[in-house]
Every structure is written in structure tokens, then in C-alpha cells.
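In: compute the structure for the input listed below.
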Amino acid sequence: MNNFTRYMALSVFCTLTAATGAMASASDALEARYQAALNEMVQATKNTSDPAAKREQLGKFIDHMAQGLEKAEGLQGLDPADRTTLETLAGKYRDYGAELNGTAGFARVPDGGLNAFAGYIQQGMEQAPLGGGIYISSGVLIVILILIIILT
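Out: The predicted structure is shown next:
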């Protein structure tokens, strides 16, 4: 291998390493913002005393996220894994909405359980594996962040 080839290989390696580090950092920041939005939803629910207002707040958050994720599924350029992740997330939010309102075979969340339900949503969205452990890519996190900024 001559010096030029070594230099080019080293340059490519350094560029890829730097890009990977930047993507990981951006992904961490986006994930932190998503978790902060979930936390804000929980705190807003806990800080509201009227059960009807709590239910409305939760319903709006859930509906906005489900609708936004469903729209995002139609974006051009998403790879199949990202599209599957978005479908899974939208499905989870639809299920939360059905449980909140007592539809689709779910028992309605009682008024006294709304604070706990908000925490349940937060925990489920932060910790549950998606689609059997599908990795949330930076692309999906960017879509989620845009939804949070626009819809909440």
C-alpha cells in the first residue's frame, strides 16, 4: 500500500468515525427531548385538578402523537425498519387512546387513575422494546421531535 492509499483509508476512517459520533450525539439529544415531552405531559396531568381537563390533556397528547406518527409513515425516503417503528409507535398511542376512553375492548381509565395512567404512558414509551426490539434510528427520532415541536 502506498502512502496516498494509506492516507485516503485513514481519512475515510476518521470521517466515518466522526460522523458516527455526531449521529450518536444527535440521537441522544433527540431522545432526551422526546423523554422531556413525555415528562411534561405527565407533569401537566398531575398539575391539573379537574379530571375532565386531565382526560382532555391526555387525549390531545395521545391523539396528536398517533396522528402525527401515522402521517410520518407516509414520508418518502424512510427505510422499512423506520417505517415499521413508526407504525408500532402509532399503534401504541392508538391503544393508549382506546384505554383512556374505554373503547376497542379496553376498560376506561377511571378519573382517579389518570395521573398513574400518564406515568404508565411515559414508562411504556421510554422503556418498552418497539416491534420486538427494533432500533429507533436518528431518522425516526427526528420525526418524533418534529411532531413534538409542532403538535404539543
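
In: lowest average confidence across helices and strands of this structure, where is it?
Out: helix 3-46 (a mean of 61; mean pLDDT, DSSP states H and E).

In: and Leu89, how far is that from Ala72?
Out: 9 Å (Cβ to Cβ, to the nearest Å). Every C-beta, even on glycine, is put in place using the N, C-alpha and C of the backbone.

In: of those two, who's got more company?
Out: Leu89 (26 against 22; other Cβ atoms under 10 Å).

In: so where's this structure shaky on pLDDT?
Out: Along the chain, segments meeting pLDDT under 70 span 1-31, 128-152.

In: do that again at 80, thanks
Out: 1-34, 72-79, 81-82, 126-152 (pLDDT under 80).

In: Three-state assignment for Val109, please.
Out: Secondary structure state of Val109, per DSSP: H, G, I helix; E, B strand; the rest coil, is coil.

In: could you do Leu78 as well?
Out: coil.

In: number of nearby residues for it?
Out: If you count neighbours by other Cβ under 10 Å, Leu78 ends up with 18.

In: how about Glu99?
Out: That count, for Glu99 with other Cβ under 10 Å as the rule, works out to 19.

In: CA-only coordinates of the helix or strand harbouring it in PDB, if you can.
Out: Using DSSP states H and E, the element containing Glu99 is helix 80-101. Output of helix 80-101 as PDB, limited to C-alpha atoms (Å, rounded to 0.1, in the frame of the first residue of the first chain):
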ATOM      1  CA  PRO A  80     -38.600  -0.200   6.100                       C
ATOM      2  CA  ALA A  81     -37.300  -0.600   9.700                       C
ATOM      3  CA  ASP A  82     -38.000   3.100  10.400                       C
ATOM      4  CA  ARG A  83     -41.500   2.800   8.900                       C
ATOM      5  CA  THR A  84     -42.200  -0.300  11.000                       C
ATOM      6  CA  THR A  85     -41.000   1.600  14.100                       C
ATOM      7  CA  LEU A  86     -43.400   4.500  13.300                       C
ATOM      8  CA  GLU A  87     -46.200   2.100  12.800                       C
ATOM      9  CA  THR A  88     -45.500   0.400  16.100                       C
ATOM     10  CA  LEU A  89     -45.400   3.700  17.900                       C
ATOM     11  CA  ALA A  90     -48.600   4.900  16.300                       C
ATOM     12  CA  GLY A  91     -50.300   1.700  17.300                       C
ATOM     13  CA  LYS A  92     -49.100   2.100  20.900                       C
ATOM     14  CA  TYR A  93     -50.600   5.600  21.000                       C
ATOM     15  CA  ARG A  94     -53.900   4.400  19.500                       C
ATOM     16  CA  ASP A  95     -54.100   1.800  22.200                       C
ATOM     17  CA  TYR A  96     -53.400   4.300  24.900                       C
ATOM     18  CA  GLY A  97     -56.200   6.400  23.500                       C
ATOM     19  CA  ALA A  98     -58.600   3.500  23.400                       C
ATOM     20  CA  GLU A  99     -57.700   2.700  27.000                       C
ATOM     21  CA  LEU A 100     -58.100   6.300  28.100                       C
ATOM     22  CA  ASN A 101     -61.600   6.400  26.600                       C
END
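
In: all set, thanks.
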